[in-house]
Every structure is written in C-alpha cells, then in structure tokens.
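Can you look at this prediction? I've put the sequence above it.
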Amino acid sequence: MDPGVVDLSRLQFALTALYHFLFVPLTLGMSFMLVIMESIYVMTGRTVWRDITRFWGMIFGINFVLGVATGLTMEFEFGTNWSYFSQYAGDIFGAPLAIEGLMAFFLEATFVGLMFFGWQRLSKLGHLCVTLAVALGTNLSALWILIANGWMQNPVGARFNPETMRMEITDFSAVLFNPTAQAKFVHTVSAGYVIASVAVLGISALYLLRGRYIGFARRSMIVASAFGLAASLSVIVLGDESGYTIGENQKMKLAAIEAAWHTEPAPAGLTLVGWPDVATRTTRYAVHIPWVLGLIGTRSLDTQITGMSELVLEAHQKIQSGLLAYAAVQTLKRNPDDPGARAVLASHGADLGYALLLKRTLPNPLTATPQQITDAAWDTVPDVPVMFWSFRIMAGLGFFFLILFGTAFILCSRRRFDQRWFLWIAVCAIPLPWISTELGWVIAEFGRQPWAIDGVLPTGLAASSLSRAQLWLTIAGFTLLYGTLAIIEVGLITWTVRRGPYAAHEDPAPAPGNIPATPIAV
C-alpha cells in the first residue's frame, strides 16, 4: 500500500470525523436540556417555558440536520476508503452500526418531526414524551457508535478465523459491555452536555448584555448553569475513569499522553507541564505532581505505569511471536488442515497483528531483519508531543468549565444577572468546549496509531486501493461542500439568535443597557 494513499485516507476521514463532531455533541446535550425545559413548562404551565423550549429546539434542529448529513458520509467512507478494514472486521464493527441505524436513528428520526410540528396537535405531556424519545434516540446513537469505536480501541469478544481470514465475533456481550466503550460513551455524552450548556449560557449572556429578552435569558441561564455544573463534574469524574481504562487496555497511549519514556517506581507522578523531546526521548522542564498518575492509571499506589521504552520491548517480543503466527497462516492458506500450523496459530495468533506492522516496509514480514523488527516496534509509539499537549489543553479547559459553571450557579442562585464581567466571559467561552472535544477525539484516535484495530490490524493495511488523485479530489470536494454547509449553519444559528424568541408576554426591546436585578418567578 502506498503510504501516501494511507495518509490521505486518514486525512480525509479525520476531516470528516472532526467536522461531524462539531454538530453531534451539541445535539446530545441540547436534547436533554429541551426535556428539562419542557418538563418545567408541563409542570408550571407558564408559556415562557414553551417559548424557551421552542427557541432552543430550533438550535437543536439546525445541528441535527447537519449532524445526520455528515454522519452518513462517514459510514460510506468505511466502504470507499477503508474497504479492507470493513472486510476484515465487518462482522464485529458492522453489528453496532446496524443496530444504531435500526434502533436509535429510526427512533429519533421518527419523533423529531413530531417534536417540531406537534405543539398544536399533541397534549403537553404527549409532546414532552416525544421530546424525551428524541433525546433517548440521540444518546442511544452515540452509545452504539462508541461501542463500535471502543472495540477498535480494545478488540474483545472476537478472534481471527484462519478459514475466512477475518475477525469474527465470539462473545457479543463482551463487545457490548467493553469497558473501554462504556467509559468512552459516558465521557463523550457528558462532554456534549457541557457544550450545550456553554452554548445556552453564552447566548443567554449575550441577550443580557444587550438588554434583550431578559426574562427568557435569565431562565435559560439558570437551566444552563445547573445542567452545566453537573455535566462538567461528570466530565472530570468520568475522564478519570477513561484514564483508568486506558491504563488497563492501552498502555502505550497512556505513556504517550504523559510523555513517560521510561517506567518509574510506583506510584507514578503526573507530569503537569514539560517539553517532550522525541530526539532524546526525554521530557525537559517537567513539573510533576507525585502519585496522581498512579492513582488515575492503576487505582493503586504500588502498581507501575509502564514507560514507552519498556512497551517497545514488549512490542518487539510480540512481533517475533506474531511472525510465527504469520508463517502458520501462510501454511494454512496452502493446507487448511495442517495440525502443526493450527497449533502454532492457536498459541501465537493473538500477536499476528504485530507481525503485520512489518508490511509497511516489507512485502513479506518473514524476511525482516532485526533492525527492521526494532523499527516496527518503535512505530507503535504515537506522536508524543501531539498527545501530551492535546491532553493538557483538554484537561485545562475541563477545569475551566467547572469554574465557569460553578460561578454561574452561584450568581444565578443569588439572582445576580447583572455581572457584566461574567457575562462577557460566558460569551467568549462559547467556542472553547468544541476545542476541548475535538482534542479529545485527537487523543482517542491519534493515540491508537499505528493501529486501525489496536493490536490487530495496522492502519496501513486497512485502506482501500485508491489513487492519490482520487483522494485529493474527494478531499477538495468535501472541503468545499462542508465549508458551504458550515457557512449555512452559522448563518442559520446567527439569524435565529438575532431573531430571538419573541416572547409575547415580555417587552422585546427594553431600554439599552437596562438589566434589571430584581428576582424573576420561575
């Protein structure tokens, strides 16, 4: 496989995935915020809460449409750009995606129309149930997609079948309850809740700064501050759980995140800041917090966090073991009933993927020299500076959101909606959670390299047989199309925000700069 084709295929999929994830987390969080807002309307009967629900529902709808459009493109790319991956692991990877389409997507697609057009046709409680069904469908979609992605990170419940030369499911419950997938799901949806909360908080703050729709903005800010505080706490707690699952199942990723070049005595300290030097394989100017990494990665004080150098030695041994499995597979291709080859494959088959790493530079891995094996072992180390800094920016933003929502909750509890310094911070913070979640995906997917399926299938073997010209053409086409869609989406949201909710029971244009400090009734 041409390395340039592989890199361009990765670039195209990365651009599609990162663009798609601009819309998904907002719909994840906004859906349940709509449920909360509409529940208050059902309980109180106050029309302002109906106006609030319908206004934020418009923001939800715009993102829902864009999310569906970009998500469908991604699913087609598995067949067009990653055909060998689809053929090799389709039995496992395809099942959660099929269930997502049949169960979750149809659920939300069925009820989303009723949610927008059923206000005059359904009872209050009936419409609330429809909104809840949309929220459940949206979050179930994320669950099944992350089960599929979690299997790529931690391929459990499957084995290589030498008769079909494919991976096949042996235990679907293990795939379903994969700890990596479960940790990714709860962490990802919590991040989506933070995004929605920041968006509602920031737009509400903008209205207050302009002295418009004050009652609407205050009520929206109250919901956003409470929901956002709970979500930001969840992100931090569940992020800790994600760190533990990475320490259990993806040791190289954890070592790269911490720029841990060598194993240190337990309990390992967390590197707060530093400068990873790939050339010397050291981290300069490192500032450590004792014990923290050991607690996060192992839940103990006496278990080591293995460093990258030691993990490379393990990869070296697995490549040698995998070469025995690779030789057995070649024998079974000629004689499927060879008992000796089957015995060797049964003993060393778990390491077959490591031998396939050599195919990046060799047509036949069995001809590899010791130096080539060593180089392949070092290829299992992802880009350390990217991992190191992406994690720290993401984590730093996570704690910022906790402070932001904690402050918002206190101010809302005291009915201090006139603090302009905080309102400006809330407005300026609107893009920050998207940066944080995009960095989270960079850590998850970039940190898995060089694997399409961790320890099983190298990325270099997963791509389709395309040309560079075809990939450049489609990248340019997607960039043009998605750029246009982005302009349309931003324009629609901007128009919606400028138009405002137009609550009939309020003055739509109070005096400029007039931000009353009197309490409002829920």
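Good, I have the coordinates. Residues are numbered from 1 along each chain as shown.

for the stretch 101-250 of the chain, what spans make up the helices?
Taking DSSP state H, counting those that start in this stretch, the helices of the stretch 101-250 of the chain run over residues 106-117, 124-153, 172-176, 179-210, 214-249.

In a markdown table, list those along with mean pLDDT and mean neighbour count.
(C-beta placed from N, C-alpha, C; glycine too.) Formatted as a markdown table, the helices of the stretch 101-250 of the chain follow (pLDDT from 0 to 100; neighbours: other Cβ atoms under 10 Å):
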| stretch | mean pLDDT | mean neighbour count |
| --- | --- | --- |
| helix 106-117 | 86 | 17 |
| helix 124-153 | 93 | 21 |
| helix 172-176 | 93 | 16 |
| helix 179-210 | 95 | 24 |
| helix 214-249 | 91 | 22 |
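
closest to F21 out of the ones you listed?
Closest of the helices of the stretch 101-250 of the chain to F21 is helix 179-210, at 9.2 Å (criterion: Cβ to Cβ).

mind checking the SS state of L8?
Put simply, L8 is helix when judged by DSSP: H, G, I helix; E, B strand; the rest coil.

correct me, but it touches L473?
No: in this structure, L8 is not within contact of L473 by Cβ atoms under 8 Å, at 10.5 Å.

So for the two, which sits in the more crowded spot?
Just comparing L8 and L473: by other Cβ atoms under 10 Å the higher neighbour count belongs to L8, 22 against 11.

Could you measure from that one over to Q320?
Noted for L8: a distance of 32 Å to Q320, by Cβ to Cβ, to the nearest Å.

What are the buried residues along stretch 354-374?
Using 16 or more other Cβ atoms under 10 Å as the test for burial, stretch 354-374 gives 354-360, 365, 368, 372-374.

Going by distance to S300, which of the residues you listed wins?
For those, the nearest to S300 is Y354 (28.3 Å; Cβ to Cβ).

From T73, how far off is the closest one?
Taken as Cβ to Cβ, the span from Y354 to T73 is 32 Å.

how far out from the middle of the chain is stretch 398-405?
Chain-centre distance of stretch 398-405: 19 Å, with Cα atoms, centre = their mean, to the nearest Å.

average model confidence for it?
Mean pLDDT, computed over stretch 398-405, is 96.

Run through who's touching that stretch.
With contacts defined as Cβ atoms under 8 Å, 6 or more residues apart in numbering, stretch 398-405 is touched by 194, 197-198, 201, 225, 228-229, 231-233, 235-236, 239, 425-426, 429, 432-433, 436.

could you redo the last one with a cut-off of 6 Å?
With Cβ atoms under 6 Å, 6 or more residues apart in numbering as the test, stretch 398-405 has contacts from 194, 225, 228-229, 232, 235-236.

Just give me the closest of those to P3.
Checking these one by one against P3 (Cβ to Cβ), the nearest turns out to be V235, at 36.6 Å.

Touching, that closest one and S190? I think so.
Yes: in terms of Cβ atoms under 6 Å, V235 counts as a neighbour of S190; the distance is 4.6 Å.

Surely S141 and E100 touch.
Yes: with contacts counted by Cβ under 6 Å, S141 reaches E100, the gap being 5.5 Å.

and R284, bridged to which residues?
When bridges are called by DSSP bridges, R284 pairs up with W275.

swap in the one 5 residues further on?
Legend: beta-bridge partners of I289 under DSSP bridges are L270.

In contact with it: list those residues for me.
With Cβ under 6 Å, 6+ apart, I289 has these contacts: 269-270, 272.

could you redo the last one with a cut-off of 10 Å?
269-272 (Cβ atoms under 10 Å, 6 or more residues apart in numbering).

Return the closest of those with respect to N81.
Of these, the one sitting nearest to N81 (Cβ to Cβ) turns out to be T271, at 35.9 Å.

Which elements pack onto whichever strand or helix holds Q330?
Assigned by DSSP states H and E, Q330 belongs to helix 308-334. Applying 3 or more Cβ pairs under 10 Å, 6 or more residues apart in numbering; DSSP states H and E, we find helix 308-334 packed against helix 251-257, helix 339-348, helix 352-356, helix 370-378.

Tell me which of those sits nearest to Q419.
Across the helices and strands packed on helix 308-334, the minimum distance to Q419, taken as Cβ to Cβ, is reached by helix 251-257, at 36.7 Å.

pLDDT on that closest one, on average?
Per-residue scores along helix 251-257 average to 93.

and A286, which of the three is it?
Classification of A286 using three-state DSSP returns strand.

Disregarding flanking residues, what is the spatial nearest neighbour of it?
Closest residue in space to A286, ignoring its immediate chain neighbours: G274 at 3.6 Å, by Cβ to Cβ, 6 or more residues apart in numbering.

for the one you found, what are its contacts?
Per Cβ under 10 Å, 6+ apart, neighbours of G274: 258-259, 282-288, 388-389, 392.

For the residue nearest to F391 when sequence neighbours are not counted, grab the count of nearby residues.
Nearest in space to F391, with sequence neighbours left out and distances taken as Cβ to Cβ, 6+ apart, is I257 at 4.8 Å. Here the number of neighbours of I257 (other Cβ under 10 Å) works out to 25.

Now do the same contact list for I257.
Here I257 is in contact with 243, 246, 250, 271, 293, 297, 382, 384, 387-392, 395, 443, 447 (Cβ under 10 Å, 6+ apart).

ok, back up a step: would you mind listing which of the contacts of G274 are buried?
Applying 16+ other Cβ under 10 Å to the contacts of G274, the neighbour count classes 258-259, 283, 288, 388-389, 392 as buried.

Break the protein down into its structural domains.
Using automatic domain parsing, the domains assigned to the chain come out as 3-250+384-499, 264-298, 308-378.

Lowest average confidence across these, which one?
Among the domains of the chain, domain 264-298 scores lowest, at a mean of 87.

which residues in the stretch 351-500 of the chain form helices?
Using DSSP H, counting those that start in this stretch, helices in the stretch 351-500 of the chain cover 352-356, 370-378, 384-413, 420-428, 432-441, 459-462, 468-499.

which one of those helices is the most hemmed in?
helix 352-356 (a mean of 25; mean count of other Cβ atoms under 10 Å).

pretty sure L272 belongs to a helix, no?
No: counting by three-state DSSP, one finds L272 to be strand, located in no helix.

neighbours around it, how many?
L272, neighbours per other Cβ under 10 Å, totals 12.

give the contact list for the nearest residue to it once chain neighbours are set aside.
Spatial nearest neighbour of L272, chain neighbours left out: V287 (4.6 Å); criterion: Cβ to Cβ, 6+ apart. Neighbouring residues of V287 by Cβ under 10 Å, 6+ apart: 269-274.
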